[in-house]
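Participant: A structural model of the following input is requested.
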Amino acid sequence: MGMFESIRSCRMIPMHRGSFRMKIYERENYGGQMMELMDDCDSIMDRYHMSDCQSCNVMDGHWLMYEQPHYRGRMMYMRPGEYRSFREMGHSNMRFMSMRRIMDSS
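Facilitator: Residues are numbered from 1 along each chain as shown. This next block holds a predicted model:
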């Protein structure tokens, strides 16, 4: 039993099992309207009346951001960090309209 328990606990260490937090901003450089997300959002327009998202700050967890509502279109993977301008990252013609958390599947 001891061996199985140690393998199991080691395997759990790298998984993200904590909270998810991300702030999304309407404009570049954290400008305009700001909303804090802690769970999936299938449409920032429907939920927050935001028509655009041009920067974000991922505090906790790993996220996927989608070009269209309801997790459709092209996507971008976001790890914790500051993203001041999607345009400067080479995503000038993309608008991110929905976001979902990358959850541990096991």
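Participant: which strands and helices sit next to the strand or helix carrying residue 56?
Facilitator: Per DSSP states H and E: residue 56 is located in strand 55-60. Applying 3 or more C-beta pairs under 8 Å, 6 or more residues apart in numbering; DSSP states H and E, we find strand 55-60 packed against strand 21-27, strand 81-83. In short, each C-beta sits where N, CA and C put it, glycine included.
Participant: Tell me the helices and strands packed up against the longest one.
Facilitator: Right, the one you point to is strand 21-27. Short answer (3+ C-beta pairs under 8 Å, 6+ apart): strand 21-27 packs on strand 31-37, strand 55-60.
Participant: Between strand 31-37 and it, find me the angle.
Facilitator: Per axes from the mean of the first three to the mean of the last three C-alpha atoms, to 10 degrees, the angle that strand 21-27 makes with strand 31-37 is 160 degrees.
Participant: i'd like the first residue to be 807 from this point on
Facilitator: With the count now opening at 807, the last piece we talked about shows up as strand 827-833.
Participant: buried sites along strand 827-833?
Facilitator: For strand 827-833, burial by neighbour count (16 or more other C-beta atoms under 10 Å) applies to 827, 828, 830, 831, 832.
Participant: doesn't residue 839 make contact with the last one?
Facilitator: So the one you mean is residue 832. Yes: assessed by C-beta atoms under 8 Å, residue 832 is found in contact with residue 839 at 4.3 Å.
Participant: which non-adjacent residue is nearest residue 856?
Facilitator: The shortest distance from residue 856 to any non-neighbouring residue, by C-beta to C-beta, 6 or more residues apart in numbering, is to residue 850 (4.4 Å).
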